[in-house]
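> Please work out how this folds:
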Amino acid sequence: MALAAKGSRGESFLAVVVGGGAAFGLVVITSRSWKACQVDVAGSVPNGLTLLFLGLPLALIVNLVLFNVVFRYAGKTFFFSLIAASLAIAIADLALYSWQGTPAASPGICPGNVPPWWPTWIPT
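Presented below is the predicted three-dimensional model:
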């Protein structure tokens, strides 16, 4: 597929769409879990601003770099590379959520700052 050949504009577009969408989803899930557990992360700064100016850029950079690296070196077929890059982003975002989405240093009302709606079969 020439549109998403490795090193093309199509690859960059896919990186922004997949990586950016996953970063936005990570920020939304983190915000929802902080609200559900009443976690106050930054003190006087609202949690939304913390996520907007710290969480979103961090997640976006991690996702874009990871997508480009995995997509280029995963294999020769387009679909295998896309699936491998998406899976790598999902694992990285789960690690970012476990690290910052359930902060142990900030007290909340949920045990371990894990919201009750979070599936128990997904580790945090």
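
> only C-alpha atoms for contact and neighbour calcs from this point on.
Fine.

> Not counting its neighbours along the chain, what's nearest the spatially most central residue of the chain?
Nearest to the geometric centre of the chain sits D93, at 3.4 Å (C-alpha atoms, centre = their mean). Nearest residue to D93, sequence neighbours excluded (C-alpha to C-alpha, 6 or more residues apart in numbering): L26, at 6.6 Å.

> Which residues in the strand or helix carrying the one you found does the neighbour count mark as buried?
Counting by DSSP states H and E, the element that carries L26 is helix 9-37. By 16 or more other C-alpha atoms under 10 Å, the buried positions in helix 9-37 come out as 11-12, 14-16, 18-20, 22-24, 26-27, 30-31, 33-34, 36-37.

> Equivalent analysis for stretch 115-124, please.
For stretch 115-124, the buried set under the neighbour-count rule, 16+ other C-alpha under 10 Å, comprises P115, T124.

> what about it, start to end distance?
End-to-end span of stretch 115-124 (C-alpha to C-alpha, to the nearest Å): 11 Å.

> ok, now which ones touch C110?
The contact partners of C110, taken as C-alpha atoms under 8 Å, 6 or more residues apart in numbering, are C37, P116.
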